[in-house]
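Novice: The sequence isn't on hand, but the structure is:
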């Protein structure tokens, strides 16, 4: 749940992109086919950024164990 940057008020734009407009086919932007933009303080956060960063470090530590 706390992997999404929107909880701290930021936005990563263009996570997906449309490959076929007529058939509404979209793909995940894993190979950076289109540029992604990260915008800080886009909207009011649900949790503060310090708590979010602590949780991210905890998740990273949990993955490495």
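Specialist: Okay, I see it. What you are looking at is a predicted structure, and each value in this text was computed from that prediction instead of being measured. Numbers count the residues shown, from 1 in each chain.
Novice: contacts and neighbour counts: CA atoms only from here.
Specialist: Fine.
Novice: quick one: low-confidence parts of the protein?
Specialist: Residues of the chain that meet the criterion pLDDT under 70 lie in 1.
Novice: Which residue ranges of it form helices?
Specialist: 49-64 (DSSP state H).
Novice: I'd like the distance between the residue lying farthest from the centre of it and residue 5.
Specialist: Farthest-out residue of the chain from its mean C-alpha position, per CA atoms, centre = their mean: residue 22, at 26.7 Å. With distances taken as CA to CA, to the nearest Å, residue 22 is found 31 Å from residue 5.
Novice: cool, residue 32 as well?
Specialist: The gap separating residue 32 from residue 5 is 19 Å, by CA to CA.
Novice: Need the contact partners of stretch 44-64.
Specialist: Contacts with stretch 44-64, where a contact means CA atoms under 8 Å, 6 or more residues apart in numbering, come from 2-3, 6-10.
Novice: Buried ones from those, can you make that a PyMOL selection?
Specialist: Filtering the contacts of stretch 44-64 down to the buried ones (16 or more other CA atoms under 10 Å) takes a single PyMOL command:
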select buried, resi 6+7+8+9+10
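Novice: Make CSV from the contacts of stretch 44-64 and add distance to residue 39 to it.
Specialist: Output for the contacts of stretch 44-64, formatted as CSV (distance: CA to CA, whole Å):
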residue, distance to residue 39
2, 18
3, 16
6, 10
7, 13
8, 11
9, 9
10, 6
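Novice: how near is residue 39 to residue 8?
Specialist: In terms of CA to CA, residue 39 sits 11 Å off from residue 8.
Novice: Report the contact partners of residue 27.
Specialist: 16-19.
Novice: make it 10 Å
Specialist: When contacts are counted by CA atoms under 10 Å, 6 or more residues apart in numbering, residue 27 touches 15-20, 33.
Novice: And for residue 38?
Specialist: Going by CA under 10 Å, 6+ apart, residue 38 touches 5, 10-14.
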